[in-house]
Each structure stands twice: as C-alpha cells, then as structure tokens.
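Peer 1: Need the 3D shape of this:
(2 chains)
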Amino acid sequence: MYIYDSVQKKKVLFEPIREKEASIYVCGPTVYDDAHLGHARSALSFDLLARTLRQLDYKVTMAKNFTDIDDKIIKKVKESGRSMREITEYYIDRYQAEMDALGICRSDIEPKATESLDAIEGMIAKLIEGGFAYQIASGDVYFATSQDAQYGSLSHRVGDDEEAQSRIDHVGEKRNPKDFALWKACGEGDEICFDTHLGSGRPGWHIECSAMIEKHFCGTDSYSIDIHGGGADLLFPHHENEAAQSRCATGHELAKYWMHNGFVQIDGEKMSKSLGNSFFLKDALASYDGEILRYYLISVHYRNDFNFNEEDLLALKKRLDKLYRLKKRILPATASLPSVDFRKGLLDAMADDLNISVALSVVDEMVAQSNEKLDANPKDKALKKEILANIELIDALLGFGAKDPFEYFQLGVEPELKLQIEKLIEMRTGAKKEKDFAAADTLREELIRLGVAIMDFPEGTAWEKI
RNA sequence: GGAGCCAUCGCCAAGCGGUAAGGCCGCAGCCUGCAAAGCUGCUAUCCCCGGUUCAAAUCCGGGUGGCUCCUCCA
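Peer 2: Below you'll find the predicted structure:
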C-alpha cells in the first residue's frame, strides 16, 4: 500500500509499526452544529483508507474523536439554555446517523474530550514537568513552542514572524506568539469548568487528540500510531501542535504518517461557516440518497479539492445506475468468488494512495464486460455468481452496490404510485400484445409524465424512477 | 506580507519521464413495433513561454489564472 504522507510530501510505501496492523486516528468534528459536506468528505476519505487496508488483510484500528468541549459549544449553551451535554449528544447522534447514511463504517474507538480529561490532565502535567509548558498567573497553561526544536517540521513552517494561533486566547501573557493553550482556567462567568489538579478550567483544543491517542493506542518506541488524518486545514496549526505536544510528552513521534484530505468547495470556494456557504449533509440527504452522495463524494481523489455541484452529482448517479442495472440482471443468485483480475485491478488502484478514479474505471469495465457476457449467455449461473461476488467486493471495498436493485431504482416511490405504475405497465403490455402500438405509446408517455422510465425485456417490462 | 496546492476532451476526472484511463454529454451501428436499457465504434497532445533529456502532461525556471493555510474550521 502506498500513501501520500503530508510531511514527506510524497507518496510512500506504508510500512506499519506492527506487522499487518494499522492504527489510524482521524480528527472528528466539534459537535456544536450539523455536519456539512466537508465533514462527510473527510470521513469518507478515511473510511476508504480503512476499508482498503482491511481488504489488504491489515488489522485496522480506527479512532475518530468528538470534540465536545469548545468555546463554540459553550456559546451555544449560553444562547440556547440547553445543557452542554444535551447539545453535544444531539449533534453526535445526528453526525452518526448521517455518516451511517453515507455507509461510513463506525470507528473502533470514538473518544470524547469530556471522557478523556484524565489523559489530558496527565499529559499536561508531564509537559509542565518536562519544562515544555508553563502556567501563567490566570491559571492558563501554555505549551512553550520554543522548547520543541522540531516545532514547525510537520507543516514546514519556520520563522517566528507569524501571528499567535492559540484557540482560546484572552490574555497576552504568552512567552511566544506561537505558544498555544493547553488548559484554560475558569474565569469570571465561565460556567463550563472541570476540576483537576491544574485548577478549575477546560482543556485547549489541540491537547485532546494527543492525549486520546496516548490513552487508546499502545504505540512503540518510535511512534504512537501509524496514520493520523484530517482535513488539510488542520495541518497547521492543529496537527503541528499535536505533534509537538506528543513529541515532548512521550519522547517519540505521534504518527508515522500524516494524511490530509482536500476541501469541498461550493462555486470554487472553500465551504466554511464564515463564508456562509455551508452545505449541510442533512440537506443533501434530504434530496439524495446516501449511497449516491457517497458515490459522488468519493469520485474525486481525496487529496484534490472537490467542487460540489448538483449537475455533476446527477452525472455520477448515471454511472452508479449502470452497476445496479447489471445487478438487476443477475438476481436471484448467490455469490461465489470475485474474478481474480477484477479483484486485483480494484485493490491495486486503491492500494495506490486510494486511486479512486482508476478503481471506478475498473468497476465500469467490469460492468460492461459482464453485460456483454450476459448478452451472450443469459443463463450462465456461474457467471452470475461471479458477478454478484464482484459487486459484493465493491461494496466491501468502496461501500456501494449493496442495495436491492429494484429498491434502488424505486427509491422514494409511494406504494399507491407504484400500484398505478404497475397497472399502466400491465395495460401497455396488453396493448402491445394486441399490436395497438399507438395505445402502448400513449401509456408509455403517461408513465414518463409520472417520472418513470420503462424498458422492455424478453422477460417482461422493467421500470425505473427517473 | 509569508507558505503551499492546482491548471488535462463541452463537463467530471486518472496520469508520478517512455509516447493521453474511465464516466457524463454527443454522433453512428446492433438490438427494439418504436423507444429505453445494454453492447460496439468515433471525439484531446495536456494554460502560456523557455530549459533539461534519446524521450516531458509528467522534471527545472519564468509567466498567467484559480484555490488554500498563516484566525475557528474537515
């Protein structure tokens, strides 16, 4: 397996710290609002990574955190009158449900900041003890970036002319503008506080990931985990800071490889809250089935920017339709084993830094060839079994193609309408039998008006929602 | 101001020094009562200008255009 390492800035052979095992930690969402397409893309990228590694026989341990302590959450608490827990639980549940709809495998470990305070506290204490962090009069604790000789090596940022970047930064008592808060002491009017030996307060943002990784992964003398992932915007300062903290607290590197996914853009601009151009996943899911959204969102290589647009989505859906039409042709069947060449083609593509474009072209080729073979031998049972096995492999590796094809083409069609459609088709079949083609064509037009496409086969007439 | 990324057929999109995958759309054919679906065939020399090389979309330099990070962000 080759992956692109953001630190080395090139594609490298993935060599796990433990034979045939892969530990992956991905930065998850801060749960104060609904997930947008960017969250979906990040989750999908690393879902594909995990699925690919599993197909390559790695034992994958995947962790994705929920940041449930944060200023934006606290702000929402104050505005809404709801408790912090109410708010975070609500958005976590929604996040999970929406990611489930996209066919994203649940992570093995899903730590929360509120459940990791012991680890956070412990790591901060270690950093203070080692002289890598300092506490100021207010009680805030800062990481001393100057104490880490390698600070900046992750994002390749050197020089000290950059602005301060701490997440929660109300006093200018930092020794260095790059220093960032590990712990924020409770101040006047702060209601969300946790009591620790550091005093009453709450953790800064960056520390939670480092602490959670230490808590949940055993690591080795050289690295805590194999792969750390997240959106490209997290490379600096978030991941740089994580790397620095972990390095100083543990004496070894946090992750052997760092992977970052590109942005989802709307009209050529990064989607973000501040620009007000967020496209929420819930809205997308209201218009499109999760599987189609998944197919569309994974169709562009994870490192590239993704420009979301509904016309492209519809074009991609037509591609997915073809897979399901093939599936319709082979059912009922039981799966045997996928074709050797097909499996190799798919895995080779995905093992090359998740080259989804090539993988999808391998799928397309399989679909076309299978249709051709079925045209020649419509009753070849062994062939049908192999095709079904191929489709099951697609589902396992890429996460689509698992639906019943008849349901797929009739998604969202009400039962009464379905009856009406079937009645019209029956009438049309009768008209055709009588060679009354004018009547048959009228009925077909009526069906088209109902949003239904029909196709005649020797076995009968099939229909699809347009 | 500092640091990166990107630019391939009308559209989406691979390519990682060896002579341009795939999909959508379009056209033609087979099939069909006609369609649809399916299958087959057809459609690009890679933003511009230099350079390195036997060989460059791929490497280097310079432009132009777009995006991002340096502040919360997937």
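
Peer 1: And the contacts of the helix or strand where residue A:327 lies?
Peer 2: Using DSSP states H and E, residue A:327 sits within helix A:310-330. With contacts defined as CB atoms under 8 Å, 6 or more residues apart in numbering, helix A:310-330 is touched by A:288, A:291-293, A:295-296, A:299, A:360, A:363-364, A:367, A:370-371, A:374, A:384, A:387-388, A:391, A:394, A:400-401, A:403, A:405-406, A:408-409, A:462, A:464. Every C-beta, even on glycine, is put in place using the N, C-alpha and C of the backbone.

Peer 1: Could you check how far residue A:139 is from residue A:185?
Peer 2: According to CB to CB, to the nearest Å, residue A:139 stands 3 Å off from residue A:185.

Peer 1: of those two, who's got more company?
Peer 2: residue A:185 (19 against 15; other CB atoms under 10 Å).

Peer 1: Let me see the contact set for the more buried one.
Peer 2: Counted by CB under 8 Å, 6+ apart, residue A:185 has contacts A:138, A:139, A:140, A:198, A:199, A:200, A:201.

Peer 1: Can you flag the buried ones in those residues?
Peer 2: Neighbour counting by 16 or more other CB atoms under 10 Å classes A:140, A:198, A:199, A:201 among the contacts of residue A:185 as buried.

Peer 1: May I see the residues you listed organised as CSV, with pLDDT and distance to residue A:240 added?
Peer 2: CSV is the format used below for these (pLDDT from 0 to 100; distance: CB to CB, whole Å):
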residue, pLDDT, distance to residue A:240
A:140, 93, 20
A:198, 92, 23
A:199, 92, 27
A:201, 95, 23
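
Peer 1: Past the helix holding residue A:327, which element shows up next along the chain?
Peer 2: Following helix A:310-330 in sequence, per DSSP H and E, is helix A:340-350.

Peer 1: got the contact list for that following helix?
Peer 2: A:48, A:52, A:55-56, A:355-356, A:358-359, A:362-363, A:365-366, A:390, A:393-394, A:397-398.

Peer 1: Now, the residues you listed that are in helices?
Peer 2: Counting by DSSP state H, the contacts of helix A:340-350 place A:48, A:52, A:55, A:356, A:358-359, A:362-363, A:365-366, A:390, A:393-394, A:397-398 in helices.

Peer 1: ok, and of those residues, which contact RNA strand B?
Peer 2: A:358, A:365 (CB under 7 Å from any atom of the strand).

Peer 1: Name the nearest of the ones in helices among the contacts of helix A:340-350 relative to RNA strand B.
Peer 2: RNA strand B has its nearest neighbour among the ones in helices among the contacts of helix A:340-350 in residue A:358, at 4.4 Å by CB to the nearest atom of the strand.

Peer 1: Can you get me a residue count around the residue of the stretch 151-300 of chain A found nearest RNA strand B?
Peer 2: Closest to RNA strand B within the stretch 151-300 of chain A is residue A:231: 1.9 Å, counting by CB to the nearest atom of the strand. Neighbourhood size, residue A:231 [other CB under 10 Å]: 19.

Peer 1: What ranges in the stretch 151-300 of chain A fall below the confidence cut-off?
Peer 2: A:159-172 (pLDDT under 70).

Peer 1: how about stretch A:430-437: buried residues?
Peer 2: Under 16+ other CB under 10 Å, the buried positions of stretch A:430-437 are A:431, A:432.

Peer 1: Can you give the distance of stretch A:40-47 from its chain's centre?
Peer 2: 2 Å (CA atoms, centre = their mean, to the nearest Å).

Peer 1: buried residues in it?
Peer 2: A:40, A:41, A:42, A:43, A:44, A:45, A:46, A:47.

Peer 1: Repeat that for stretch A:268-284.
Peer 2: Buried-residue list, stretch A:268-284, by 16+ other CB under 10 Å: A:270, A:271, A:272, A:278, A:280, A:281, A:284.

Peer 1: Same question for stretch A:132-147.
Peer 2: A:132, A:133, A:134, A:135, A:140, A:141, A:142, A:143, A:144, A:145, A:147.

Peer 1: Bridged to the residue of the stretch 151-300 of chain A closest to RNA strand B, which residues?
Peer 2: Here residue A:231 sits in beta bridges with residue A:261, as judged by DSSP bridges.

Peer 1: Identify the residues contacting it.
Peer 2: So residue A:231 contacts A:27, A:38, A:42, A:260, A:261, A:263 (CB under 8 Å, 6+ apart).

Peer 1: same deal with residue A:143?
Peer 2: Residue A:143 touches A:127, A:132, A:133, A:179, A:180, A:181, A:182, A:206, A:241, A:244, A:245, A:248, counting by CB under 8 Å, 6+ apart.

Peer 1: circling back to that earlier point, so what sits against both of residue A:139 and residue A:185?
Peer 2: The contact lists of residue A:139 and residue A:185 share A:198, A:199, A:200, A:201, where a contact means CB under 8 Å, 6+ apart.
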